[in-house]
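K.L.:
Sequence and computational prediction follow.
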Amino acid sequence: MPEIEILLSGYTFNADQTRMGLSTVTLIRGRQLTLVDVAHFGRRNMLVEALEKRGIALSDVARVVLTHAHWDHSQNTDIFPNAEIVIHEKELEYTHNPRPGDYATARYFADTLREQKVRTINKETELEPGVNLIETPGHSRGHMSVVVQTAGGMVCIGGDAVSDAGTVGRGTPAIIFWSEDEARESVRKVLTAASVIYPGHDRPFRVSATGVIDYLVEAPTIKFTGILDYNGNTFSVDVALAGNRGTTIHPDARSKAAAH
């Protein structure tokens, strides 16, 4: 049966100068080596090193599934020379003309895939035995999640359809760019498909029958460093994870029911 490993853990940090989205990058060891999401340029070296530690060359990766096209999930596809890039056709179409205010989708995204082998899908799809794509739109127009049949049961790699464990209680991911109604339905679909979730910006967790969250790994501490002035003075601070946040919804994505 396929096995799942986290190569890079997902987090979200906000500062008064920038948003720092760090997406989960997951390896599926099945008939082929599959990556689910590939992070952004700032994590490229970390991604390469994580693969090297596992004895995996970039050329060994046969498939990259992009849950969606947002910059923090999708910028490193070009380093995998033999990989088929799998993305939903609605997601790729949307990147040509994203909504005003959608700061997560780059209009040039499709151009970054021009020299690569791209496979678009438009329905729920089996990639190989035990590895299936399900449509989970809402956070973005053509968001997909990956459901994997492992020896320990069904696991869903949820991307930003289930951005964090707080999604379970809220019924929505942390940010919705496309449709609140579709986002809520996608959360229900993921929770029906699997009780173990690998979210896009949080640690893996299990959901009990009563909705209790049980994290499967310990909370990390992240170190920030920076240069303060031209003399090279630096600072360093350790940051522990805070509680789950609410949901930010693009104005055009709000629930139709709530609008009436």
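P.N.:
Cool, the structure landed.

K.L.:
drop to CA atoms for contacts and neighbour counts, all remaining ones
P.N.:
OK.

K.L.:
same question for stretch 57-74, mean pLDDT?
P.N.:
Across stretch 57-74, pLDDT averages out at 98.

K.L.:
list the buried ones in that stretch?
P.N.:
In terms of neighbour count (16 or more other CA atoms under 10 Å), stretch 57-74 has its buried residues at 58, 60-74.

K.L.:
among these, which two are most distant?
P.N.:
The most widely separated members of those, counting by CA to CA, are Asp60 and His70 (24.6 Å).

K.L.:
All the helices of the chain, residue numbers only.
P.N.:
Secondary structure of the chain by DSSP state H: the helices cover 44-53, 71-74, 89-94, 109-112, 166-170, 180-193.

K.L.:
so which of these is the most packed in?
P.N.:
Mean neighbour count (mean count of other CA atoms under 10 Å) peaks for helix 71-74 among the helices of the chain, with a mean of 24.

K.L.:
got the contact list for it?
P.N.:
Helix 71-74 is contacted by residues 21-24, 37-40, 66-68, 104-106 when judged by CA atoms under 8 Å, 6 or more residues apart in numbering.

K.L.:
can you tell me which two in these are farthest apart?
P.N.:
Farthest pair in the contacts of helix 71-74, by CA to CA: Thr24 and Ala106, 19.5 Å.

K.L.:
Compare those two (neighbour count), which wins?
P.N.:
Remark: of Thr24 and Ala106, Thr24 carries more neighbours, 29 against 15, as counted by other CA atoms under 10 Å.

K.L.:
Name all residues that make contact with that one.
P.N.:
Neighbouring residues of Thr24 by CA under 8 Å, 6+ apart: 6-11, 37, 39, 73, 159, 199-202.

K.L.:
quick check, nearest of those to Ser255?
P.N.:
Nearest member of those to Ser255, counting by CA to CA, is Gly159, at 21.2 Å.

K.L.:
Settle this for me: the closest one is touching Gly200, isn't it.
P.N.:
Yes - counting by CA atoms under 8 Å, Gly159 does reach Gly200; the two are 4.1 Å apart.

K.L.:
how many neighbours does Gly152 have?
P.N.:
Counted with other CA under 10 Å, the neighbours of Gly152 add up to 9.

K.L.:
If you tally nearby residues, what's the number for Gly130?
P.N.:
Neighbours of Gly130 using other CA under 10 Å come to 16.

K.L.:
so Ala193 touches Gly158, yeah?
P.N.:
No - between Ala193 and Gly158 there is no contact under CA under 8 Å: 10.6 Å.

K.L.:
can you map out the strands along the stretch 101-250 of the chain?
P.N.:
Using DSSP state E, counting those that start in this stretch, the strands of the stretch 101-250 of the chain run over 117-121, 125-128, 131-135, 144-150, 153-159, 175-176, 196-199, 205-207, 213-215, 221-227, 234-240, 248-249.
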